[in-house]
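Participant: sequence and predicted model, in that order:
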2 protein chains.
Amino acid sequence: MTELVDRPAGRKQRPAARATTARAAADARPAVDVAGLGEQLLGKWAETRRQARDLAARPELHKIEGLTHTEHRARVSGQLKYLVENEAVHRAFPESLGGSDDHGGNIAGFEELVVADPSLQIKAGVQWGLFGSAVMHLGTAEHHAKWLPGIMSLEIPGCFAMTETGHGSDVASIATTATYDPATEEFVVHTPFRAAWKDYIGNAAIDGLGAVVFAQLVTRGVNHGVHAFYVDLRDPDTREFLPGIGGEDDGIKGGLNGIDNGRLHFTNVRIPRTNLLNRYGNVDADGTYSSPIASPGRRFFTMLGTLVQGRVSLDGAAVAASKVALKAAIQYATERRQFNASSHTEEEVLLDYQRHQKRLFTRLATTYAAGFAHEQLLQKFDDVFSGAHDTDEDRQDLETLAAALKPLSTWHALDTLQECREACGGAGFLIENRFASLRADLDVYATFEGDNTVLLQLVAKRLLADYAKEFRSVDFGVLARYVVGQATGAAIHRTGLRQVAQFVADTGSVQKAAIALRDEESQRALLTDRVQAIVAEAATALKGTGRMSQEKGAALFNRHQNELIDAAQAHAELLQWEAFTEALRDVKDPGTRTVLTWLRDLFGLSLIEKNLSWYLMNGRLSMQRGRTVGEYINRLLVKIRPHAVDLVDAFGYGEDHVRAAIATGAEKERQDHARAYLRAQRASGQAPVDEKVLLARTAGHRN
Amino acid sequence: MTELVDRPAGRKQRPAARATTARAAADARPAVDVAGLGEQLLGKWAETRRQARDLAARPELHKIEGLTHTEHRARVSGQLKYLVENEAVHRAFPESLGGSDDHGGNIAGFEELVVADPSLQIKAGVQWGLFGSAVMHLGTAEHHAKWLPGIMSLEIPGCFAMTETGHGSDVASIATTATYDPATEEFVVHTPFRAAWKDYIGNAAIDGLGAVVFAQLVTRGVNHGVHAFYVDLRDPDTREFLPGIGGEDDGIKGGLNGIDNGRLHFTNVRIPRTNLLNRYGNVDADGTYSSPIASPGRRFFTMLGTLVQGRVSLDGAAVAASKVALKAAIQYATERRQFNASSHTEEEVLLDYQRHQKRLFTRLATTYAAGFAHEQLLQKFDDVFSGAHDTDEDRQDLETLAAALKPLSTWHALDTLQECREACGGAGFLIENRFASLRADLDVYATFEGDNTVLLQLVAKRLLADYAKEFRSVDFGVLARYVVGQATGAAIHRTGLRQVAQFVADTGSVQKAAIALRDEESQRALLTDRVQAIVAEAATALKGTGRMSQEKGAALFNRHQNELIDAAQAHAELLQWEAFTEALRDVKDPGTRTVLTWLRDLFGLSLIEKNLSWYLMNGRLSMQRGRTVGEYINRLLVKIRPHAVDLVDAFGYGEDHVRAAIATGAEKERQDHARAYLRAQRASGQAPVDEKVLLARTAGHRN
């Protein structure tokens, strides 16, 4: 342990320098190539991320703590203009309008803004990622020409008015209506009751001049389902609501107070027929409805597909916030000393305590996994939105992948921010160290753009559907034999989404062979098998729901809701683990690969430890082997310890991004000063004698 | 499930009324006596709690959201005067000075203030619970006469200046010194370096005129350890720091921004010799040190013993906050509807979803357990501080009990507030619904008044010490036989602290007999056995550390830190479970007892589920039995569902305490309105036809 403590925590003594010393040679400890790893972590859109980080480092964009929500809103509104001026937010828009048709890069750059101020990020997301995107993806050329320039330039700040007080995750059931009146060739947008008010809508309380309003399209007595309509909200000069439109301010929130969320309602508001964003559904002058997508279900799914970029970007932003928090907490833990357990005069640095290592390193490992998984998600997103791979199946896979990863990463960010805050004690609670501020702002990431619990249920339904497709007529016994008959390590990937039916579950080999748990194939087999088995079990339990009454089917489904959500979570964790494992292949430097492999193992074994009871009860691990999981995790913590600072430095966030007083080296300075003072005092012979020492001496004399 | 939905969630249809109907008789479902249970939950200091709740219901004391920290501080300072005027904060002080020598009642009343504004609570805690208490408990008659009246009346707002930037949990190592100068009969209070600045000190930034400063007492070249000194900080007229004293504002924090936390430093500040609070240690005019407690270790422990009331009250306040959150979230979940899974026209209320039940009911069960455990802790505290049972052993037991319970309840409160916030979706994030506000304020409860992780280590050390006392010379094999030889269900209590050496662990009976997991004795045996076994295992692993070098011993200890903290947590959970079980005996009403027993079972089984891998790996549960745990939990959720509102209503918090817009019935009104509108529309024949229905009809015609 002493050896670890003695190693400078800073960056000055680089591995290359150490390798030349005899001691380092004797160590033969692997070293992390921080720069190389950092480049890999930046991913495909490295250049865009760098540009966005340069921007996010500027004080103009930083959150000022302690503002009232009114002041904070005004500041963020101004910052949005700064983003426009600095060409930070138009990447996804068409080249013809000054954008660059770069969907993946747009999200990559957007994500990085979270480190400046999450309010800024989300308000930008509302304006360009939701409002602008809806016009772009749901509207047609005329709409683009008419509104996109103003949206891009911020001349038209606007809203994405989908959620209602009474309906959040269940968008299909929103109650606002847009009824076509052929007499005037207008749609009548109407809010039938209080629960149908649009709610939690960014830009609605103050700034929004326009809105894309989602409503049930009714024409000729038929409800064609949810469609998007462009509605002017306020007079651009007076900033007053237009006739028939009203609203309320949502007021102060748990975080993100730089955004003016609010409520909107419409009383028979008439808009031109052509304000229907009609790419996927049109109403002719005479009221005839038509759509390129015949199935109302598929049409709804397609229109809502634009929402996926919100989930993708929250996934990335959550990872970025976790990285910043871990950089600060781990740096501090290498400087801060507390309790002199192992010597009378020197206190331990926090990061040498086993518990502290477990608290921070398990979350570091998960952050790496979530980061690699996010990069895959972003590439998938770009493939679909660039049109490179844009089949229905691609879109469904993208939806499922985003629905799987966003819940895990957003919950992980909250957990990490809180653990880092606690790991820094009272200092962690000071707003100057940012954990509490970021945590408050990111809180809502867990429920907006799709409630995490609801998203995981979507994933579970997809898993069940995939399962049913493969095994529609096969009973459980046959399936079990089929699964066991598969070869270990077969290709189990398809388009980023892990197909449950293809899961390899060679449980026999796991149990029999004495493969160590650190073995990649063992981890994969265990993680994969668990997903497969829970899904198979749930599918069996739910068999026949199709033949039941709706009520009975729903009740049966509800009795298995917990398992289904567990299955979805296990599936998402496996995706993260696979992404981490795939990323290892791209690591060229052997030392870096060794250390990252330990980190991947820590991630995998932490997942197995979390669900150890399942592995034991289902005969996937013996009791003896189960007992080794915790021990092996503890050994990994010790191995990772010397590389912890390198691993957070590789995230590439500088002081202007981290902006935490405790991560500036100030603590090291204080500790060094204190230790120097006490050493000098001891050396001078002027230090007071401790009463305990005196008593011990006296007792000695007496004996 | 329909039956459950149909039952009115409100309070109007009381069990008594229902019993007369034939349907209710057929149900034979137990009913909760809400009023009776509420009375039991109020506990021994029911009257004081009622008074405090009356006060906490007044708008004058409520937190106003959105104030700047400066405004919030000013408001809370004013509220402290209101507390004085309303005689809310003097219960613990001597009758001779206008108090009532009521220690338990004082804490009970104090805890309830959290529902008004946690800043108000903690600022009051700083003034009277820490600053005033230190003068009272560490000072002597002269000090009481001189300072207590001004402290009680708030004429002297003051600080409890213990923590330093460099030393939080490790109080023994603080570096501020108070060196006695016999020439002037003064102590010289001095801050030797930056890390020794007092930090995070309430009242230090603005309001504090005086302080109890903790410093190493040095006289005649000997350091007698940490003692408390009364130091005037600011000129009462100018409010400027006195010469030699300086400080800084800690600024904005993650919460509790109504308190002016700050830093203090002292440059050779001279105070009269008699400012030493000398109950446990005195310095004569000539510099001779004397103490009624010979051992410096015991003396330090005794002086710090006054801190325990902070931990006790945080435990209670955390429970209170959890209750308020659950009342709001559970009420809302019986009104809010989302997704029409079981019928085409009616949506489900959230609380009928299995996952929602699991999220909220497991936390409800834990809240009951933590509440009952807190009541035991408070009684123990009152026993010690009233002098009724005030031996050294009593004080140690109290310390250990508080160190065990405070971490669990404060973490639980954060977890519950967050889960409730997420369970209410976007509405949960609005500050008007208070989850986010309470969570931000309670965040620091996890690390102040003793960092939770450090406190659990204290508990672990006590468990090891108790263990060693009983089995000093017995090897592990002998111990195992001894443990197994104990009779099940023997009295295992002593003074509220569960003595690990007396733990009953009849593991044989658990494995062999087919006792259902809902059986009280089975739960007790499983929970008890786990604590005992982990402690025994750790003790064995740590054997011989006494004979090692300090460094080696510390390293060995560190390698078992995770297990030791797990043991302490398991111990604390067992204490909560026992408190819940004991409370069941006091429940007279059979229906209430039945429902509460389900809730206790849910708590016990959730603990077993959480640690299921341990029970399996250590042969305490068979795989078959292990698989039944989750199923049984799901069955309990369904049983508890109809009583959920009663169980939160029994907490006794009214609308003026809960103050959450979503818990006012507004959601039910919205939902009822929406459903009535849609029903009327369907009945009128004017409802638009759904395109899907139309397509199905057309397809039908074609066939």
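Facilitator: Received, thanks.
Participant: and the strands in the stretch 51-200 of chain A?
Facilitator: In the stretch 51-200 of chain A, the segments counted as strands under DSSP state E, counting those that start in this stretch are A:158-161, A:177-181, A:186-190, A:198-201.
Participant: deepest-packed of these, please.
Facilitator: strand A:158-161 (a mean of 30; mean count of other C-beta atoms under 10 Å in any protein chain shown). To be clear about C-beta, it is placed using only N, CA and C from the backbone, and glycine gets the same treatment.
Participant: which other helices and strands contact that strand?
Facilitator: With contacts taken as 3 or more C-beta pairs under 8 Å, 6 or more residues apart in numbering or on different chains; DSSP states H and E, strand A:158-161 sits against strand A:198-201, strand A:210-219.
Participant: that one - which strands sit beside it in the sheet, and in what orientation?
Facilitator: Here strand A:158-161 is paired, per DSSP bridges, with strand A:210-219 (parallel).
Participant: quick check, distance from whatever helix or strand comes next after the strand it pairs with to the centre of its chain.
Facilitator: The helix or strand immediately downstream of strand A:210-219 is strand A:222-232, counting by DSSP states H and E. Its chain's C-alpha centre and that of strand A:222-232 lie 30 Å apart, by C-alpha atoms, centre = their mean, to the nearest Å.
Participant: ok and strand A:222-232 relative to strand A:186-190, angle-wise?
Facilitator: Angle, strand A:222-232 to strand A:186-190, by axes from the mean of the first three to the mean of the last three C-alpha atoms, to 10 degrees: 90 degrees.
Participant: just checking, what packs against strand A:222-232?
Facilitator: In this structure, strand A:222-232 packs against helix A:133-138, strand A:186-190, strand A:210-219, strand A:269-272, helix A:296-304, strand B:689-690, helix B:691-702, with contacts taken as 3+ C-beta pairs under 8 Å, 6+ apart.
Participant: relative to residue B:98, which of these is closest?
Facilitator: With C-beta to C-beta, the closest approach to residue B:98 among the helices and strands packed on strand A:222-232 belongs to strand A:210-219: 61.9 Å.
Participant: in TSV: the helices and strands packed on strand A:158-161, plus mean pLDDT.
Facilitator: Shown next, in TSV, are the helices and strands packed on strand A:158-161 (pLDDT from 0 to 100):
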stretch	mean pLDDT
strand A:198-201	98
strand A:210-219	98
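Participant: at which residues are the helices of the stretch 451-600 of chain A located?
Facilitator: For the stretch 451-600 of chain A, the helices defined by DSSP state H, counting those that start in this stretch cover A:452-470, A:476-485, A:507-512, A:520-542, A:550-559, A:561-585, A:590-610.
Participant: oh, I was asking about the stretch 51-200 of chain A
Facilitator: A:69-85, A:103-112, A:118-124, A:133-138, A:141-153.
Participant: kindly reformat the strands of the stretch 51-200 of chain A as a markdown table containing distance to residue B:520.
Facilitator: Output for the strands of the stretch 51-200 of chain A, formatted as a markdown table (distance: least, C-beta to C-beta, whole Å):
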| stretch | distance to residue B:520 |
| --- | --- |
| strand A:158-161 | 54 |
| strand A:177-181 | 57 |
| strand A:186-190 | 59 |
| strand A:198-201 | 46 |
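Participant: got TSV for the helices of the stretch 451-600 of chain A, with distance to chain B, mean neighbour count and mean pLDDT too?
Facilitator: Below are these laid out as TSV (distance: least, C-beta to the nearest C-beta, whole Å; neighbours: other C-beta atoms under 10 Å in any protein chain shown; pLDDT from 0 to 100):
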stretch	distance to chain B	mean neighbour count	mean pLDDT
helix A:452-470	6	20	91
helix A:476-485	16	13	38
helix A:507-512	14	16	39
helix A:520-542	11	21	92
helix A:550-559	4	17	89
helix A:561-585	4	22	96
helix A:590-610	8	22	97
